[in-house]
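Enquirer: Sharing a model prediction with you, sequence too.
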Amino acid sequence: MKLNLGCGKQKCPGWTRVNLSRADININFETMDKLPIENNSCEVIFCGHLIEHLNDKTNQKLFQEVHRVLKRNGIFRIITPDFDLYKKYYFQNDIELFNQFTIKGKKQVPETKGYNIAERFINQFMSWAKPNGKGKLRKNFYKISKEDFDLLLQSNFNNLKTQKDVEGYIQYIKQFLPKNHDNITFLHINAFNYKRIKSFLKEAGFENIWKSKFKESKYNQLNTLNWDKFEDRSVFVECKK
């Protein structure tokens, strides 16, 4: 069996699609007890741009389930926005680079229109937070108070300077997360770099873990699919059971 977790619209013969809805297996990752799949039954599992939508507890449970259902020597591939890269671009103050990150086709994503670089950075890891008076508010988006967003803008630069790793920044942004965040899984509520993903994987039981690259999976078929996205802003991680 081959699994695509958080598949979206991606399809490929021979792959089982797992998502919130309209998939082969429909599942709410936040409330699941376990994946409805037998132990040691999957040769490969792909997870592209899903974990940034889930909280830590859910991600740890998901990784444990992946370890359970993978066959021995099975491959697990993860792709997510790279906190370290975004931090680097943020301190370069390259607003044009961030503008490219919010373009779909030839149109700018309406929610980010008019954002400055700090607002764009925050939007990558708290995309539910919309500053008052800026951006189009889609259904179910949360608009935090002007006071809270001003606090984010004022403290974001200094906080990123003083925090040595992504963990500190995660704790910083959690104070602004709505209590009912389980209802916003289609938005970004988390952040990762390679070191943080590796720690989650080790906790789930994986030992053979490595930093991969764009379309350089050790599972060859994945390199022929168009599932690797956002080469210039993502971290690519693989592990073997």
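Expert: Ah, there it is.
Enquirer: now the helices for this structure?
Expert: 56-69, 83-91, 95-101, 117-125, 146-162, 166-174, 194-204 (DSSP state H).
Enquirer: who's in contact with residue 68?
Expert: Residues near residue 68 by C-beta atoms under 8 Å, 6 or more residues apart in numbering: 34-35, 39-40. For the C-beta atoms, the positions are set from N, CA and C on the backbone; glycine is no exception.
Enquirer: could these be laid out in JSON lines, adding neighbour count and distance to residue 69?
Expert: Formatted as JSON lines, the contacts of residue 68 follow (neighbours: other C-beta atoms under 10 Å; distance: C-beta to C-beta, whole Å):
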{"residue": "34", "neighbour count": "11", "distance to residue 69": "9"}
{"residue": "35", "neighbour count": "21", "distance to residue 69": "6"}
{"residue": "39", "neighbour count": "9", "distance to residue 69": "6"}
{"residue": "40", "neighbour count": "12", "distance to residue 69": "7"}
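Enquirer: any idea which of those is the one closest to residue 98?
Expert: residue 35 (35.7 Å; C-beta to C-beta).
Enquirer: And the pLDDT for the closest one?
Expert: Listed pLDDT for residue 35 reads 94.
Enquirer: just residue 80 next, same as before
Expert: On the pLDDT scale, residue 80 gets 96.
Enquirer: Also residue 140?
Expert: For residue 140, pLDDT reads 41.
Enquirer: what's the answer for residue 89, then?
Expert: We have a pLDDT of 86 for residue 89.
Enquirer: Identify the residues contacting it.
Expert: 97-98, 233.
Enquirer: Please repeat the previous calculation with a cut-off of 10 Å.
Expert: By C-beta atoms under 10 Å, 6 or more residues apart in numbering, residue 89 lies in contact with 82, 95, 97-98, 101, 117, 120-121, 124, 232-233.
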